[in-house]
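Enquirer: Can you look at this prediction? I've put the sequence above it.
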Amino acid sequence: MIRFCPLFSGSSGNCAFVSDGKTRILIDAGRSGIQIEEALKQIGEDPKDLNAILVTHEHSDHIKGVGILSRRFNLPVYASQATWQAMPAGVGTIPPGMRRMFNVGEDFYIGHLGVDSFSIPHDAVDPCGYRLWSGQASVSVLTDLGYIPPSVMDAVSGSSLMLLESNYDPDMLRSNEHYRYALKQRILSRKGHLSNQDCAEGILRFMELGTRYFILGHLSGENNTPETAMRTNTGVLALEGVKDGVDVHLSMAWRDHVSDLFELKEN
Ligand SMILES: [Zn+2]
Ligand SMILES: [Zn+2]
């Protein structure tokens, strides 16, 4: 069994909860410690019962609360060596015994939860995605990537559930007067983020590999809305004859509050 819940998702902070009922893990902690503790309580979880934090990359929307939660609850933090070196001082002191290091691409266990890590194309030093599994059930977290290379397809193939980036609407991004040209180019690049269209095309490919449940996540606050993301995704899927709620199940990971809690059975 796997329980999965995006607590926060978006450019203003990311944090997802995963558990097999015994081991409890956060993937990223990009909000304040207090906000994450409150969100955990809302899904009936006690922050004191957490076992670890997995870090995807050093951008502040993924690590803001890592230090405070690690110190407050004695939590081991897992990140690659390069990511550890790149994490800004804002994370604060993390007790040496709580620093866990791995090479992206390695698989390991935390308790009985299997953790697969894999490289993703993004403008951070050593960014990665994760697939967590227990028996036959698995969930993948795939946000902050400019495109979906074949190596990522392989790494998440057959996941029961996926949190997949649907970051921006290209028209909203291009017409956004608050964004400098360089920032727009960064977001649009192959080391930036997935657009709503990219997300839908990803869903079509992941469906062929067996995934049926998708949570749209890491939405931009300025260059997207939940309605636009959902409408674009379902529209692209419909053109291929794929119906939401029948052939595939889409839901939304919210920026500022807790999203649906999923429970995946082993078979
Ligand atoms: Zn991010
Ligand atoms: Zn990022």
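Expert: Perfect, I can see it now. Ligands and ions are numbered 1, 2, ... in the order given.
Enquirer: of all the residues in this protein, which ones are close to ligand 1?
Expert: 61, 144 (CB under 5 Å from the ion). For the C-beta atoms, the positions are set from N, CA and C on the backbone; glycine is no exception.
Enquirer: Go ahead and confirm R190 touches Y147.
Expert: Yes - using CB atoms under 8 Å, R190 is in contact with Y147, at 5.1 Å.
Enquirer: anything in contact with each of the two?
Expert: Common contacts of R190 and Y147 (CB atoms under 8 Å, 6 or more residues apart in numbering): P121.
Enquirer: Quick check: the residue of the stretch 101-250 of the chain nearest ligand 1.
Expert: D144 (4.5 Å; CB to the ion).
Enquirer: Just the buried positions in the helix or strand hosting I68, please.
Expert: Following DSSP states H and E, the helix or strand that holds I68 is helix 66-73. Within helix 66-73, the residues that count as buried by 16 or more other CB atoms under 10 Å are 66-70, 73.
Enquirer: Please name every helix or strand in contact with that helix.
Expert: Helices and strands touching helix 66-73, by 3 or more CB pairs under 8 Å, 6 or more residues apart in numbering; DSSP states H and E, are helix 33-42, strand 52-54.
Enquirer: Quick one: mean pLDDT for that helix?
Expert: Taken as a whole, helix 66-73 has a mean pLDDT of 96.
Enquirer: Next, the angle from it to helix 33-42.
Expert: Angle, helix 66-73 to helix 33-42, by axes from the mean of the first three to the mean of the last three CA atoms, to 10 degrees: 60 degrees.
Enquirer: Residues in contact with helix 66-73: which ones?
Expert: Taking contacts as CB under 8 Å, 6+ apart, the residues outside helix 66-73 that touch it are 26, 28-29, 32-33, 36-37, 47-48, 50, 53, 55, 75-77, 87, 90-95, 98.
Enquirer: Likewise for stretch 259-267?
Expert: Residues external to stretch 259-267 that are found in contact with it (CB under 8 Å, 6+ apart): 1-7, 9, 43, 134-139, 160-161, 213, 215, 251-253.
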